[in-house]
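**Student:** Kindly generate the corresponding structure for this input.
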Amino acid sequence: MVAWVFESAERYVKRLLAVLLLAGSAAASAPSQAASPDTLFQDFALFGTWASDCKAPASPGNPHVTIATPAPGVVLENHDLGPSYAVNHYSMLSAERLSGDELSVETIFQPGTEVEERQKLVFLVRDNTRRTMFNQPVNGPVRVKDGIVLARNVQTPVLHKCE
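**Tutor:** Residues are numbered from 1 along each chain as shown. Sure thing, here's the model as predicted:
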């Protein structure tokens, strides 16, 4: 009986080791993880302040968007719509290059608040301009498609990099 218990335990350990080895080799052969949000935001030269008109004050029609990286791997974005509005905060969770001028991001809108919401956004970035082309909350309706705010049927603003 004791020999059978040891033999069963030995078979169990061998199977466990085989599973772990297979899992390890699968992980090693998996594609490398995407670049961190701060790396891709740097690649797209997105850090700094953006606005439709950098010299005009912030307003709903001229949002001032500031993008910063306070720590490695952390990207925060703030949308200032003027003194009559609360600042919209975004924390970037992940980023993926879709093409030479398109960046997809997974973000948390208003992190740490009652209205916190995960969203997917796609930005078009070229010639020192940035435009939101897509926005959809996780498990929610699409809000922006092909650069059009669907609720108002208007184009998203083209933001210019402020110097």
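
**Student:** pLDDT score for residue 144?
**Tutor:** Looking at residue 144, its pLDDT stands at 98.

**Student:** Find the residue closest to it in space, skipping its chain neighbours.
**Tutor:** Excluding its sequence neighbours, the residue lying closest to residue 144 (CB to CB, 6 or more residues apart in numbering) is residue 135, at 3.9 Å. The C-beta positions use only the backbone N, C-alpha and C, and glycine is treated the same way.

**Student:** Beta-bridge partners for that neighbour, please?
**Tutor:** According to DSSP bridges, the residues that bridge with residue 135 are residue 121, residue 144.

**Student:** Then residue 67?
**Tutor:** Going by DSSP bridges, residue 67 is paired in beta bridges with residue 48, residue 77.

**Student:** Next one, pLDDT for it please.
**Tutor:** In this model, residue 67 is scored at 98, pLDDT.

**Student:** So the residue nearest to residue 144 sits against residue 123, correct?
**Tutor:** No: shown here, residue 135 and residue 123 do not form a contact pair, counting by CB atoms under 8 Å, at 10.0 Å.

**Student:** related to what we said a few turns ago, neighbours around the residue nearest to residue 144, how many?
**Tutor:** 20 (other CB atoms under 10 Å).

**Student:** cool, residue 99 as well?
**Tutor:** Using other CB under 10 Å, residue 99 has 8 other residues around it.

**Student:** Could you do residue 40 as well?
**Tutor:** 20.

**Student:** Low-confidence stretches in the chain?
**Tutor:** Along the chain, segments meeting pLDDT under 70 span 1-34.

**Student:** how far away is the nearest residue to residue 53 once chain neighbours are set aside from residue 157?
**Tutor:** Once flanking residues are discounted, residue 53 sits nearest to residue 62: 5.4 Å by CB to CB, 6+ apart. From residue 62 over to residue 157 the distance is 8 Å, taken as CB to CB, to the nearest Å.
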